[in-house]
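>>> quick check, what structure comes out for this input:
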Amino acid sequence: MGRNYESIEELRRKKKLLKSEINDLEDLLTFKNTKESLSAFTNGLTDQYLQEKVDDDGDEKVVLRKDVIARQLTSEVKDMFINKQTAVGIASTALGGNVTDSLIKLGITALVGNYAKKNMKSPNWKKKLLGAAMIYLAPIALKYVRKKLEVYQKNKSVSSLEQLI
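Numbers count the residues shown, from 1 in each chain. Just a heads-up that it's a prediction; the model follows:
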């Protein structure tokens, strides 16, 4: 069942590697570095929207980069107005929805992350278990819901194009 080791030194090295890996995962799960944890949970989606800053007390905190959000929002709105002049533009904005999609993803990520962080810091083991479950299950559930919404949106835009024609 187990692996046979050649020497006790090899076993100690393996144990040390496993301990360091567990410590890294614990740091990630306990949000010791919030930006890194959110990046890992969202597969890098939040990286461009978050920035680490040191406040007056010397504490590190994560803040939203409003300039990036505003720039992306204005470019998407501008593209949406340019594309509205043709039926193909209407269909692509109905299918795309990049601004709304990104803002919804960011909002849901923030809500789930904050709630999970709050539960992970709780002394109650049930809340810690709930926080860990949210961290692992929320992305799966959100991907499922997003796929269903994309299928619905696609069907809706196709039917609206058929009505235009």
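
>>> drop to CA atoms for contacts and neighbour counts, all remaining ones
Fine.

>>> surely Val68 touches Leu50?
No: with contact defined as Cα atoms under 8 Å, Val68 does not count as touching Leu50 (9.3 Å).

>>> neighbour count for these two, which is higher?
Leu50 (20 against 13; other Cα atoms under 10 Å).

>>> centre of the chain to stretch 68-79, how far?
In terms of Cα atoms, centre = their mean, to the nearest Å, the centre of stretch 68-79 is set 20 Å apart from its chain centre.

>>> would you mind writing the CA trace of stretch 59-77 as PDB?
Output in PDB follows, covering the C-alpha atoms of stretch 59-77 (Å, rounded to 0.1, in the frame of the first residue of the first chain):
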ATOM      1  CA  ASP A  59      -1.300  46.900   7.300                       C
ATOM      2  CA  GLU A  60      -1.600  45.400   3.800                       C
ATOM      3  CA  LYS A  61      -5.100  45.500   2.400                       C
ATOM      4  CA  VAL A  62      -6.600  44.700  -1.000                       C
ATOM      5  CA  VAL A  63      -8.400  47.500  -2.900                       C
ATOM      6  CA  LEU A  64     -10.300  47.600  -6.200                       C
ATOM      7  CA  ARG A  65      -8.500  49.200  -9.100                       C
ATOM      8  CA  LYS A  66     -11.200  51.600 -10.100                       C
ATOM      9  CA  ASP A  67      -9.200  53.000 -13.000                       C
ATOM     10  CA  VAL A  68      -9.000  49.600 -14.700                       C
ATOM     11  CA  ILE A  69     -12.700  48.900 -14.100                       C
ATOM     12  CA  ALA A  70     -13.700  52.400 -15.500                       C
ATOM     13  CA  ARG A  71     -11.400  52.000 -18.500                       C
ATOM     14  CA  GLN A  72     -12.800  48.600 -19.300                       C
ATOM     15  CA  LEU A  73     -16.400  49.800 -18.800                       C
ATOM     16  CA  THR A  74     -16.000  52.800 -21.100                       C
ATOM     17  CA  SER A  75     -14.300  50.800 -23.800                       C
ATOM     18  CA  GLU A  76     -17.100  48.200 -23.700                       C
ATOM     19  CA  VAL A  77     -19.800  50.800 -23.700                       C
END
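
>>> this structure: helices as residue ranges?
For the chain, the helices defined by DSSP state H cover 8-29, 34-41, 66-83, 87-96, 98-120, 125-164.

>>> I appreciate the help and will end here.
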